[in-house]
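[1] based on what follows, work out the 3D shape:
(2 chains)
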Amino acid sequence: MKQLEQIFRTAGVTGWLHAVDIDTGREVGLGADEPVVLASVFKVPLLVAFYRQAERGLIDPAERVTVSPEGRPGGGTGVSAMLDEVTASLRDLAYLTISVSDNASADTLLARVGLGEVNATLADLGLPHTWVEHSCADLFTAMREDAGAADMAELSQMTTDPAVLSRLRVLDPARTSRSTCRDMTRLLGMIWRDEAAGPASCAAVRRLMGLQVWPHRLASGFPYDDVAVSGKTGTLPTVRNEVGVIEYPDGGRYAIAVFTRSIGTAQNQPRADAAIGTAARVAVDHLRSRFMGVGTI
Amino acid sequence: MDLVRHLRYFVVIAEELHFGNAAARLGMAQPPLSQRVKRLEDELGVRLFDRTSRQVRLTGAGRLLLPEARELVARAERIRELMARTVRGDTASLRAAVPPDLGASVLAALIARFRTGNPDVRLIPTEMGTSDQVDALLGGELDLGVLRHPVAASGLGFGPVLVQHPGVLLREEDELATLATVHLADLAGRELVLPPRALEPGLHDETLAGCRRHGFVPAEVRHAVHGQFTIGLVLAGTAVALGQRADVPGVVWRPLVGSPLAWRISTAWRGEPSEHVAGFADLTTRVLRDDAGMSDEGAPPRTWVAPRPATGFLS
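    Numbering: from 1, shown residues only, chains lettered A, B, ... in the order given. Next up is the predicted model:
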C-alpha cells in the first residue's frame, strides 16, 4: 500500500508519477493529473515539433548552422559549455539537446521551430495540460531577475537559499513550462506507436532518447542488460524529473513520467535521483504483475 | 569395342584372379571371357595379366588400370540407374512432412532454401502430425519428418532436438490481455485447446502435465487439428491456446512468465539417411533455428544487450 509515496518520502521528495503499458493501456499513477514543472523535459515536445516541421519541408534537419559563443544560455554540457563557435547540423544539435540536455543546442532549435509552433503541436496532439513557456535563455533570465542575481555564477550561489527559491517563478507550474505526468506518458506512447509524427520522425526521436547519457534516474531502476531505457531528464533547484520508456525483451514496453520536488535545497540530491528509478521500477513491476487493479500502489 | 563392358570383365577377373571363377560370376563361359580380355589388351596395347598354368597375376599396367576401371564402371552404372529412374518418374524426389502449426513463413523459407540448393530435386511437402509421420516414415511413404518429442519409435534416426517455448493466445477482451506477460497459473479455470492426443501424443501429455504442475488445470481440454479451428475457439472466448506468436485480428499473443513450457522438435528419418535426406534434415534444423527462433535443447537462452551510452565502451 502507498509504496510509491513511501519511496518518495524516504528520499525526501514529493513525487508525482504515471506509468502506462504502451500496448494495453494498463496504468498506475500518483498525482498523475497534477501540474508539474517540466524543466528540461520540455525538450521532448520541442524535438517532436522539430521533426514535424521537417516532415512538412519547413526545416532541413541536415542543414548546418553555426552557434556563436556569444549569448549562449547557461549549462554545463554540450555546446553550452564550449568556448568557441560551433557548426553542426540541426539534427546533431537535436542529439546534443536530448543526450546531454544541452541548452544552447535546444535554444538554437527552438529559435528555428518557434515557441508558438511547439505549443501548437502539443495542442494538436491533444495534450491540453502541457505548455512551453520559455526558452532556456529566457528561463535563466527569469531566474536571475527573481533572485536578483547579476549573472549565472552568482545565481548558482543563491539557489540553495530557501528564501530565494520561494521567489522563483520557474518553480511554479502556473508560470513556467508545465505538464502533467499523464500528458507526458501520452506523448511518449504516441512517439513509441508512431502516432506523434511520421514513423521515420518518431524513430528519430526514439533514437535520441535512447542515447541520453544519464544513468542515475530512470535507468538506475532497471539494471539489466536486456532492458532498454530511453528518457529525458529535467533539473532545476529542488526539481528532479525524468520521463521515458522502458522496453523488456519479451516485448513489454512502458511509458513512465516521474516528477519530484525535494524538501531540502541542496544542489546534489542523489537520493531523489535514485528514487525516480526505484519508483519507476515499482510501477513497471506492478504493470507486469499478475495482480489486476488500477490506481495507487 | 564396348570399352565399359570390357573394363567390367577386367575388374571382375582382377578381383577373382581366376578366369573360371570370374566367368562364373559374370554368368558366361570361360573362352569368350579370355577372348575379351585379349581384345582389351590389344586395344590398350599392354598386357594386363601374367598367366601361368597355376595362377593369374596383375601386371604393373593392370594394377594401374584397376582403380581407373572401377571408377568408370561405377559411373556408368550410376548413369544407367539415374536414367532408369527418370523413365519410372521417381528421380530425386523428397517426401517431407512438417507439423500443421509450423507457421507459413517458416515453411516458405524451408521450401525456398531447399530449392535454391537442390534445383534438381523435387520436394513434396505435406503437413502431418507426429503419429502419422512415424507410421509414414516406417512404412517408407515419407523420406523426412519434422516431429514433436517425446516419440518412441525404433528404427528412426533423429536430428538435433530444438526447443520452442510456447506463449498463450487470448481473446482481445480477455482481462489477461492487458498484461505484457502471463503467468501460467493465471489461466486457471479456462478451457485449453490442444492438438488431439492421437495426433501428438508426446506434446499433448507433456503440455498438460506442465500446465498442471504450474497451477493451470484446464476446466476442459478442446482438441483442434487446424489453426483456424483453434483461433475460432479462442475468438469465441471459450478457450485459450498455446503456441507461437500469431497476428490474427481479435486475438493477442502473450509470452508466459518464466517460459514454463518447452516444445521439443526434431527431424526424423528411417535407417541410414540418403544424401538428399541428410542434406534436407540439416537445412530444416538450420531454418528452425534461424527463422523460427528455436534453440538447441539445453542451450542457455540467448541474451540480448540493450546498449546504454553511460555504460557503453569508453564512457
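[2] which positions within the strand or helix carrying residue B:105 qualify as buried?
    Per DSSP states H and E, residue B:105 falls inside helix B:104-117. Neighbour counts over helix B:104-117 (16 or more other CB atoms under 10 Å in any protein chain shown) mark B:106-107, B:109-110, B:113-114 as buried. All C-beta spots, glycine's among them, are computed from the backbone N, C-alpha and C.
[3] other residues contacting it?
    B:98, B:121, B:123, B:125, B:279-280, B:283-284, B:287-288, B:291-292 (CB atoms under 8 Å, 6 or more residues apart in numbering or on different chains).
[4] can you rerun that using 7 Å?
    The contact list for helix B:104-117, computed with CB atoms under 7 Å, 6 or more residues apart in numbering or on different chains, reads B:98, B:123, B:125, B:280, B:283-284, B:287, B:291-292.
[5] just the residues contacting stretch B:53-61, thanks.
    Residues from elsewhere that reach stretch B:53-61 (CB under 7 Å, 6+ apart): B:14, B:17-19, B:46-50, B:66.
[6] with stretch B:21-28 instead?
    With contacts defined as CB under 7 Å, 6+ apart, stretch B:21-28 is touched by B:9, B:12-13, B:16, B:29-30, B:33.
[7] quick check: mean pLDDT of that stretch?
    Mean pLDDT, stretch B:21-28: 92.
[8] in that stretch, what counts as buried?
    Buried residues in stretch B:21-28 (16+ other CB under 10 Å): B:22-23, B:26.
[9] and the closest residue to chain A within the stretch 1-150 of chain B, what is it in contact with?
    Here the residue of the stretch 1-150 of chain B nearest chain A is residue B:103; by CB to the nearest CB that distance is 17.6 Å. Residue B:103 makes contacts with B:244, B:292, as judged by CB under 7 Å, 6+ apart.
[10] following the lowest-mean-pLDDT helix or strand in chain B, which helix or strand shows up next?
    Ranked by mean pLDDT, DSSP states H and E, the weakest helix or strand in chain B is helix B:60-88, scoring a mean of 84. Using DSSP H and E, the helix or strand that follows helix B:60-88 in sequence is strand B:93-98.
[11] buried sites along that following strand?
    B:94-98.
[12] kindly calculate the angle that that strand makes with helix B:104-117.
    Put simply, strand B:93-98 runs at 160 degrees to helix B:104-117, going by axes from the mean of the first three to the mean of the last three CA atoms, to 10 degrees.
[13] relative to the whole chain's centre, how far out is strand B:93-98?
    Here the centre of strand B:93-98 is set off from its chain's centre by 8 Å, with CA atoms, centre = their mean, to the nearest Å.
[14] what about the strands in the chain?
    Just going to use chain A. Assigned by DSSP state E, chain A shows strands spanning A:13-21, A:27-30, A:36-37, A:64-67, A:86-89, A:178-179, A:228-236, A:239-247, A:253-262.
[15] hm, I was asking about chain B
    With strands called from DSSP E, chain B shows them at B:49-51, B:56-58, B:93-98, B:122-127, B:144-149, B:156-158, B:162-164, B:167-171, B:191-194, B:221-223, B:239-243, B:251-254, B:263-270, B:295-296.
[16] nearest spatial neighbour of the residue of the stretch 151-300 of chain B found nearest chain A, skipping sequence neighbours?
    Nearest residue of the stretch 151-300 of chain B to chain A: residue B:180, at 3.0 Å (CB to the nearest CB). Using CB to CB, 6 or more residues apart in numbering or on different chains and skipping residues adjacent in sequence, the residue nearest residue B:180 is residue A:252, 3.0 Å away.
[17] ok, residue A:95 - contacts?
    Applying CB under 7 Å, 6+ apart, we find residue A:95 in contact with A:208, A:211.
[18] that older thread, and the angle for the least confident helix or strand of chain B with strand B:93-98?
    Going by the same axes, to 10 degrees, helix B:60-88 makes 60 degrees with strand B:93-98.
[19] about what we covered before: for PyMOL, what selects the buried ones among the contacts of stretch B:21-28?
    Command for PyMOL that selects the buried part of these, burial taken from 16+ other CB under 10 Å:
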select buried, chain B and resi 9+12+13+16+33
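[20] start to end distance for stretch B:48-68?
    13 Å (CA to CA, to the nearest Å).
[21] would you mark the buried spots in that stretch?
    Across stretch B:48-68, burial judged by 16+ other CB under 10 Å covers B:48-49, B:56, B:58, B:62, B:65-66.
[22] quick revisit: narrow the contacts of stretch B:21-28 to those in helices?
    When DSSP state H is applied, those are split such that B:9, B:12-13, B:16, B:30, B:33 fall in helices.
[23] tabulate those in CSV, adding columns for distance to chain A.
    Formatted as CSV, the ones in helices among the contacts of stretch B:21-28 follow (distance: CB to the nearest CB, whole Å):
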residue, distance to chain A
B:9, 70
B:12, 67
B:13, 71
B:16, 69
B:30, 79
B:33, 75
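[24] determine how far the helix holding residue B:105 lies from the middle of the whole chain.
    Here the centre of helix B:104-117 is set off from its chain's centre by 13 Å, with CA atoms, centre = their mean.
[25] find the nearest non-adjacent residue to the residue nearest the centre of chain B, please.
    Centroid-nearest residue in chain B, with CA atoms, centre = their mean: residue B:281, separated by 3.2 Å. Nearest residue to residue B:281 in three dimensions, chain neighbours excluded: residue B:267, at 4.1 Å (CB to CB, 6+ apart).
[26] got a pLDDT number for that neighbour?
    With respect to pLDDT, residue B:267 scores 94.
[27] measure how buried it is and give me the count.
    By other CB atoms under 10 Å in any protein chain shown, 26 other residues sit near residue B:267.
[28] ok, it touching residue B:146?
    Yes: with contacts counted by CB atoms under 7 Å, residue B:267 reaches residue B:146, the gap being 5.7 Å.
[29] find residues that contact each of these two.
    Residues touching both residue B:267 and residue B:146 by CB under 7 Å, 6+ apart: residue B:284.
[30] out of the strands of chain B, deepest packed?
    Greatest average neighbour count among the strands of chain B goes to strand B:144-149 (a mean of 26), per mean count of other CB atoms under 10 Å in any protein chain shown.
[31] which strands or helices does it pack on?
    If contacts are counted by 3 or more CB pairs under 7 Å, 6 or more residues apart in numbering or on different chains; DSSP states H and E, strand B:144-149 sits against strand B:93-98, helix B:130-138, helix B:201-213, strand B:263-270, helix B:275-290.
[32] out of the ones you listed, which is the most enclosed?
    strand B:263-270 (a mean of 22).
[33] and it, what does it pack against?
    Here strand B:263-270 touches helix B:130-138, strand B:144-149, strand B:156-158, strand B:162-164, helix B:275-290, going by 3+ CB pairs under 7 Å, 6+ apart.
[34] need those in CSV with mean pLDDT, can you?
    Shown next, in CSV, are the helices and strands packed on strand B:263-270 (pLDDT from 0 to 100):
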stretch, mean pLDDT
helix B:130-138, 92
strand B:144-149, 93
strand B:156-158, 92
strand B:162-164, 92
helix B:275-290, 90
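[35] could you dump these into JSON lines with distance to residue A:5 added?
    Formatted as JSON lines, the helices and strands packed on strand B:263-270 follow (distance: least, CB to CB, whole Å):
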{"stretch": "helix B:130-138", "distance to residue A:5": "55"}
{"stretch": "strand B:144-149", "distance to residue A:5": "51"}
{"stretch": "strand B:156-158", "distance to residue A:5": "58"}
{"stretch": "strand B:162-164", "distance to residue A:5": "44"}
{"stretch": "helix B:275-290", "distance to residue A:5": "49"}
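[36] which one of the ones you listed lies closest to residue A:269?
    Closest to residue A:269 of the helices and strands packed on strand B:263-270 is strand B:162-164 (CB to CB; 47.7 Å).
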